[in-house]
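[1] Below: sequence and its predicted model.
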Amino acid sequence: MQDFIDSTNLADDSAALAGRMQRDGYLLLRNLLPAGEIAALQRQIAAIARDAGWLRADAPLEAALADPAGFCVDPQPRYLEVLRRINRLEAYHTLKHHPALTGFFTRLLGGPVFPHPRVLMRNIFPQREEFTTKAHQDFPNVQGTEEVYTAWFPLIDCPLELGPLQIAAGTHVDGVYDFQIAAGAGGIEITDPLEGRWHSGPMRAGDVLVFHSMTVHKGLPNRAERLRMSMDVRFQRVADPFCPDNANPDGQPLSWEDVYAGWQDTSLQYYWRRLPLTPKPFDPQWFQKRDALAFELAEAGDRRAASVLQRSVARDADPARRQRAQGLLDRLG
């Protein structure tokens, strides 16, 4: 595994940023976001996590010391319940509008940009290597245009033992890779090992890793004692097609009315509705393939299908598919 290539010195050079992104499919920017603002948001989220039993009650919130007894994982109901509480935090959603982020993406993409309404929170428990996020691409999830870019950043300092992301450099030009089903975020794993292409490294609160929607990435195992707390926010040009599914808050079922209840500042509410966006419907082909693989394995009694079946139960819009997934989960035990 190679070290991340640091692009901090290019942060104000639009042409250099675009060139390196075109070459590598990712950019690492040190101290792009104010560490103090990240720390303040981390304490808000950690308070919810500690109340849910995810963090040790005898440790400071900023330590993020995990309580193994509270282990759960997306899309289990216990996990989604906490995720919905986090999604109601005003600062959790307003951070994506920080001038440091919007200014950076405007320079990178060379025109008016906007952050997707949906924000993703990752809380990765330690010593649960089987649930480490597997190699995947974001495009099958976000769609609209391939020119969607994820800004991933930890809410606490993230040395290698805590499990930062790994990036397979240059994979953004190869189309959608073949995959199999797996536990962990997304429920899939790319089958190509992509040997010799992986980059990673420690990150601190305030650092931001930016990558293209087609860039293959995965997590390192969390072998520390802390909860790995990180966020994903996604940006694209206003002029490019937008998939309306990205306007749904994470942690369904949850409405924006639920999210916005109690906010002090209303100026950023429903901001995307004021933009001249061109909608492009979601193409379910990759999810249909994933779910078909899971149903096939589950029918054969293979427990590797459990994570994908749980996602179907929690998120599939088709009641018949949800019922089938639940029946197979019951059979797997």
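    That came in fine, so what should we check first? Because the structure is predicted, anything quoted here is derived from the model rather than measured.

[2] hey, let's count contacts and neighbours off CA atoms from now on
    Noted.

[3] Show me the longest strand that occurs in the protein.
    strand 228-237 (DSSP state E).

[4] By mean pLDDT, flag the weakest helix or strand of the protein.
    helix 306-315 (a mean of 83; mean pLDDT, DSSP states H and E).

[5] buried ones in that one?
    Buried residues in helix 306-315, defined by neighbour count with 16 or more other Cα atoms under 10 Å: 306-314.

[6] Could you tell me the angle between the following helix or strand past that helix and helix 306-315?
    Downstream of helix 306-315, the next assigned helix or strand under DSSP states H and E is helix 319-332. Angle of helix 319-332 versus helix 306-315, following axes from the mean of the first three to the mean of the last three Cα atoms, to 10 degrees, is 140 degrees.

[7] which other helices and strands contact helix 319-332?
    Applying 3 or more Cα pairs under 8 Å, 6 or more residues apart in numbering; DSSP states H and E, one finds that helix 319-332 contacts helix 285-299, helix 306-315.

[8] next one: the shortest one to chain centre, how far?
    Helix 306-315 has its C-alpha centroid displaced from the chain centroid by 17 Å (Cα atoms, centre = their mean, to the nearest Å).

[9] could you dump that helix to CSV, C-alpha only?
    Taking C-alpha atoms only, helix 306-315 is exported to CSV below (Å, rounded to 0.1, in the frame of the first residue of the first chain):
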residue,chain,number,x,y,z
ALA,A,306,-27.8,-11.5,5.6
SER,A,307,-26.5,-7.9,5.3
VAL,A,308,-28.0,-7.3,1.9
LEU,A,309,-31.4,-8.9,3.0
GLN,A,310,-31.4,-6.5,5.9
ARG,A,311,-30.9,-3.6,3.5
SER,A,312,-33.9,-4.8,1.4
VAL,A,313,-36.1,-5.0,4.5
ALA,A,314,-35.1,-1.5,5.6
ARG,A,315,-35.0,0.3,2.3
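
[10] Among the helices and strands packed on helix 319-332, which comes closest to residue 57?
    Set against residue 57 and scored by Cα to Cα, the helices and strands packed on helix 319-332 come closest in helix 306-315, at 29.0 Å.

[11] so which strand or helix has residue 21?
    helix 14-24.

[12] next SSE after that helix?
    Sequence order places strand 26-29 as the next helix or strand after helix 14-24, per DSSP H and E.

[13] Who are the packing partners of that next one?
    Under the contact definition 3+ Cα pairs under 8 Å, 6+ apart, strand 26-29 sits against helix 14-24, strand 208-212.

[14] returning to that earlier point: residue 51 is nearest to which of the helices and strands packed on helix 319-332?
    Residue 51 lies closest, by Cα to Cα, to one member of those: helix 306-315, at 23.0 Å.
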